[in-house]
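*Asks:* This is a predicted model, with the sequence first.
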Amino acid sequence: MAIVNLYLVFRFYQRIPSNTRRFDERMDKIYDEALGRVALILYRLELTREGRRLLSETYPDVKFEKIETQSLEYTISCHDKLAEAETHSGPEDHIPRIYEVDRKYRTSVIVTGFFVGHRQPNLDICIRYANLKKTMPAIITWGCKAFAMVRGMCVTPWFTDNWLPLALGAAAVGVAVHRWLAINVV
């Protein structure tokens, strides 16, 4: 029984298309969302400092009573770069896929903040945007990728169509070998 299960596991593995060994488009979106949200958490304070500094430089004569953050957003910049490369390419050009580019290119994030400075006497407001371009550390990207895999198991068919049958087959082989050893060796 274990040999038959092992044969079926290997046959299933051989039949998995090569593009499913990487994240599909939905899994990439989950990963990008996780990476962007973590970037907002990690660089929020630095972005706020940068926004305050830019407001002070832009309006040097103004004394602000309060500076508030209106919004924080993120952009995974590699997708824009890949889309731009696709629009400027000819029929002979090779357009790289997301997994064909290096880690620094793939994990660059632009964090943007919109800041409003308030002056109390006449309630004037001053507005300024601030941007930070960051490359996420490898440990953070691996954590985001692990989160994307766990979340993707629940909300996309990527895992259940491709990898769950392999895991179940391997478990069946393990159980069959264990039972055979328990019966024949012990």
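*Replies:* Yep, it's here. Residues are numbered from 1 along each chain as shown.
*Asks:* The helix or strand that contains residue 39: which residues count as buried?
*Replies:* If you go by DSSP states H and E, residue 39 is part of helix 25-58. The neighbour-count check on helix 25-58 (16 or more other C-beta atoms under 10 Å) flags 27-36, 38-40, 42-43, 47-48, 50-52, 54-56 as buried. C-beta here means a position set from N, CA and C on the backbone, and glycine is covered the same way.
*Asks:* and what of stretch 135-154?
*Replies:* So, applying 16+ other C-beta under 10 Å, buried residues of stretch 135-154: 136, 141, 144-145, 147-149, 152.
*Asks:* Just the C-alpha atoms of that stretch, please, in PDB.
*Replies:* Coordinates of each C-alpha in stretch 135-154 appear next as PDB, following Å, rounded to 0.1, in the frame of the first residue of the first chain:
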ATOM      1  CA  THR A 135      13.700  48.100   0.800                       C
ATOM      2  CA  MET A 136      12.200  45.700   3.300                       C
ATOM      3  CA  PRO A 137      14.700  43.500   5.300                       C
ATOM      4  CA  ALA A 138      14.800  39.800   4.300                       C
ATOM      5  CA  ILE A 139      13.500  38.600   7.700                       C
ATOM      6  CA  ILE A 140      10.400  40.800   7.300                       C
ATOM      7  CA  THR A 141       9.800  39.600   3.700                       C
ATOM      8  CA  TRP A 142      10.100  36.000   4.800                       C
ATOM      9  CA  GLY A 143       7.600  36.600   7.600                       C
ATOM     10  CA  CYS A 144       5.200  38.300   5.100                       C
ATOM     11  CA  LYS A 145       5.600  35.300   2.700                       C
ATOM     12  CA  ALA A 146       4.800  32.800   5.500                       C
ATOM     13  CA  PHE A 147       1.800  34.900   6.400                       C
ATOM     14  CA  ALA A 148       0.700  35.000   2.800                       C
ATOM     15  CA  MET A 149       1.000  31.200   2.500                       C
ATOM     16  CA  VAL A 150      -1.000  30.600   5.700                       C
ATOM     17  CA  ARG A 151      -3.700  33.100   4.600                       C
ATOM     18  CA  GLY A 152      -3.600  31.900   1.000                       C
ATOM     19  CA  MET A 153      -4.300  28.300   2.200                       C
ATOM     20  CA  CYS A 154      -7.700  29.600   3.500                       C
END
